[in-house]
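Peer 1: Take a look and give me a structure for this.
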Amino acid sequence: MSTIEPFEKSFFDQYCSHLVHTHPLVHCMTNDVVQEITADVLLAAGASPAMIIDEHESADFAAIADCLLINVGTLTDCRNLAMTLAIKAAKSCGKPWVLDPVASGLLPWRDEKIAHFLSLGPTVVRGNASEILNLAGLGAGGHGVDSKDDSRQAVEGAKELALKYKTIVAITGETDFVTDGQKVFSIAGGDIMTTLVVGTGCSLSALVAAFCAKSDNYLMAAAAALTMAKRASETAAAQCQGPGSFHPAYLDALYSIARKHF
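Peer 2: This is a model prediction of the structure:
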């Protein structure tokens, strides 16, 4: 059984510096609810977002972008086609792509499409504990888009999922975990306030994609992205009065962290 190692600060500094100096272009095919916070998070962290979602453009843009995010939160038939085309284009160009399996286990049609995306070989799968447990065949999904399970409960399932699909799996929760099936990193910290603002999880998947862009180690890059979000949420929570003021404070904290690595 593999041991769980805390992700070291020196590694975070290395990968954060790489992000802000390469300023990756992130192709975000994400849900309607979170497009604004996703773009804002990427800009604050030092990346460049673009939301190209039509089937006539998605493949062409995926080939241009440095990385791709697939978030199935508001999936439709048209988006399913556009996403499939984008994934194939990204893979053919050797670009990393991240799958966010929003509400995995909730609805049969959604689960069928998520299973198809998994079969296309994502670079990273980022989800909450209930989503990851469902993908690993060990759970029935969460409470809508929210997790019913503790992230630690999903570690073994995440390892199995990573090995089966030859991918990196990131579980977010009170403690985050990221694994390639062999090694497991943990990222502690953060604040409960992140669960009270729409889009913090979905935008984190975009941040994972940004860190993976032009990276030589996707496990380390994903762990660094989770670390950045944890640190920013701690800083924001210490300054805010509630969810309304947490949102801009979170963006400011991401910007402050990124600026230190220029």
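Peer 1: mind listing the helices in the stretch 101-250 of the chain by residue range?
Peer 2: 108-119, 129-135, 155-165, 200-212, 218-239, 243-259 (DSSP state H, counting those that start in this stretch).
Peer 1: tell me what the shortest one is packed against?
Peer 2: For helix 129-135, the contact count by 3 or more Cβ pairs under 8 Å, 6 or more residues apart in numbering; DSSP states H and E identifies helix 108-119, strand 124-128, helix 155-165, strand 168-172 as packing neighbours. Any C-beta I mention is one placed from the backbone N, CA and C, and that applies to glycine too.
Peer 1: same thing but at 6 Å, please
Peer 2: Using 3 or more Cβ pairs under 6 Å, 6 or more residues apart in numbering; DSSP states H and E, the elements in contact with helix 129-135 are helix 155-165.
Peer 1: I'd like the C-alpha coordinates of the helix it packs on written as PDB, please.
Peer 2: What follows is helix 155-165 as a C-alpha-only set of coordinates in PDB (Å, rounded to 0.1, in the frame of the first residue of the first chain):
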ATOM      1  CA  VAL A 155      -8.200   7.700  -1.800                       C
ATOM      2  CA  GLU A 156      -8.100   3.900  -2.600                       C
ATOM      3  CA  GLY A 157     -10.800   4.300  -5.200                       C
ATOM      4  CA  ALA A 158      -8.900   7.200  -6.800                       C
ATOM      5  CA  LYS A 159      -5.800   5.000  -7.000                       C
ATOM      6  CA  GLU A 160      -7.700   2.300  -8.700                       C
ATOM      7  CA  LEU A 161      -9.200   4.800 -11.100                       C
ATOM      8  CA  ALA A 162      -5.800   6.300 -11.900                       C
ATOM      9  CA  LEU A 163      -4.300   2.900 -12.700                       C
ATOM     10  CA  LYS A 164      -7.300   1.800 -14.800                       C
ATOM     11  CA  TYR A 165      -7.400   4.900 -17.000                       C
END
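Peer 1: Going by neighbour count, which residues in that helix are buried?
Peer 2: Across helix 155-165, burial judged by 16 or more other Cβ atoms under 10 Å covers 155, 156, 157, 158, 159, 160, 161, 162, 165.
Peer 1: what do you get for stretch 113-129?
Peer 2: 113-114, 117-118, 120, 122-129.
Peer 1: List the contacts of it.
Peer 2: When contacts are defined by Cβ atoms under 6 Å, 6 or more residues apart in numbering, stretch 113-129 is touched by residues 80, 87, 96-101, 104, 147, 149, 151, 154, 165, 167-173, 205, 208, 212, 218, 222.
Peer 1: Start and end of that stretch, how far apart?
Peer 2: 19 Å (Cα to Cα, to the nearest Å).
Peer 1: repeat for stretch 50-61
Peer 2: Termini of stretch 50-61 sit 9 Å apart (Cα to Cα).
Peer 1: Now do it, average pLDDT.
Peer 2: For stretch 50-61, the mean pLDDT works out to 98.
Peer 1: which parts of it are buried?
Peer 2: 52, 53, 58, 59, 61.
Peer 1: same check, this time on stretch 34-46
Peer 2: 34, 35, 37, 38, 39, 40, 41, 42, 44, 45, 46.
Peer 1: so the first one sits right up against residue 197, yeah?
Peer 2: Put plainly, it is residue 34. No - using Cβ atoms under 6 Å, residue 34 makes no contact with residue 197, being 10.2 Å away.
Peer 1: Closest one of the buried residues of helix 155-165 to residue 134?
Peer 2: residue 157 (8.9 Å; Cβ to Cβ).
Peer 1: Chain neighbours aside, what residue packs nearest to the closest one?
Peer 2: residue 136 (3.4 Å; Cβ to Cβ, 6 or more residues apart in numbering).
Peer 1: What is the neighbour count of the closest residue to residue 174 other than its chain neighbours?
Peer 2: Spatial nearest neighbour of residue 174, chain neighbours left out: residue 151 (6.3 Å); criterion: Cβ to Cβ, 6+ apart. By other Cβ atoms under 10 Å, 22 other residues sit near residue 151.
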